[in-house]
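Q: coordinates only, sequence not included:
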């Protein structure tokens, strides 16, 4: 279908014409994955027509002001509220941050500020600074997590964040960049497996 722009439905002999453009994204090295036999070579070459290498956000901090404006305009339209600007110090703070969660993390923080900021006209540095500190992981913390299974690290980060927000699931999910339902399902599973004793979450 990608090559010929046509296909036939299962059980039908009628050929359907399509006119589509496919944009595929990944954070993996697909050429290496193809070489390892973990991704279909023919599919890779059909998708890899115009490759665009997009560096992580921490390598293009000059894009942060425009991205913030875009997210704030989206919030204003969605919530039917006046557009908020973001103060210069807040932008400098965002540009100094390393963004382990990339653009999705920036979007979460800007949207959270748009909802919780008390100043009606501007997003202040004082509002977003605590959230950036909560998501920064110190080198000591990294050393403590080194060598642990990924599932254990995930649980430790989630429970630590939940404790910071005193069991508030919505705030915890927003800080982690996951859905509240996803958070709830993980907590439920850990309780059922006897790995989570406290029920204050």
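A: Structure's in. What do you need? Given the structure is predicted, the values throughout are model-derived calculations rather than measurements.

Q: so what's the closest residue to residue 108 other than its chain neighbours up against?
A: Take residue 108 and drop its neighbours on the chain: the residue closest to it by CB to CB, 6 or more residues apart in numbering is residue 177, 5.1 Å away. Quick note: C-beta positions are derived from backbone N, CA and C, even for glycine. For residue 177, the contacting residues are 101, 104, 105, 108, by CB atoms under 8 Å, 6 or more residues apart in numbering.

Q: where are the low-confidence patches of this protein?
A: For the chain, residues meeting the criterion pLDDT under 70 lie at 133-148, 150, 195-201.

Q: if you set the cut-off to 50 instead, what comes out?
A: Where the chain drops to pLDDT under 50, the residues are 137-140, 199-201.

Q: Just give the nearest non-adjacent residue to the spatially most central residue of it, would you?
A: Nearest to the mean C-alpha position of the chain, by CA atoms, centre = their mean, lies residue 104 at 3.4 Å. Distances taken as CB to CB, 6+ apart place residue 177 nearest to residue 104, at 5.9 Å, with adjacent residues excluded.

Q: rewinding a little: what's the farthest-apart pair in the contacts of residue 177?
A: Among the contacts of residue 177, the pair separated by the greatest distance (CB to CB) is 101 and 108, at 7.5 Å.

Q: ok, the two, which is more surrounded?
A: residue 108 (20 against 15; other CB atoms under 10 Å).

Q: Verify the stated contact: that one with residue 174.
A: Yes - counting by CB atoms under 8 Å, residue 108 touches residue 174, with 6.1 Å between them.

Q: any chance you could map the helices in the chain?
A: Counting by DSSP state H, the segments of the chain that form helices are 30-35, 41-47, 64-79, 88-96, 102-116, 125-135, 139-145, 150-164, 169-176, 180-192.

Q: and of those helices, who's closest to residue 3?
A: helix 41-47 (5.9 Å).

Q: ok, and for that closest one, which residues are buried?
A: residue 47 (16 or more other CB atoms under 10 Å).

Q: Likewise for stretch 45-54?
A: Neighbour-count burial for stretch 45-54 [16+ other CB under 10 Å]: residue 47.
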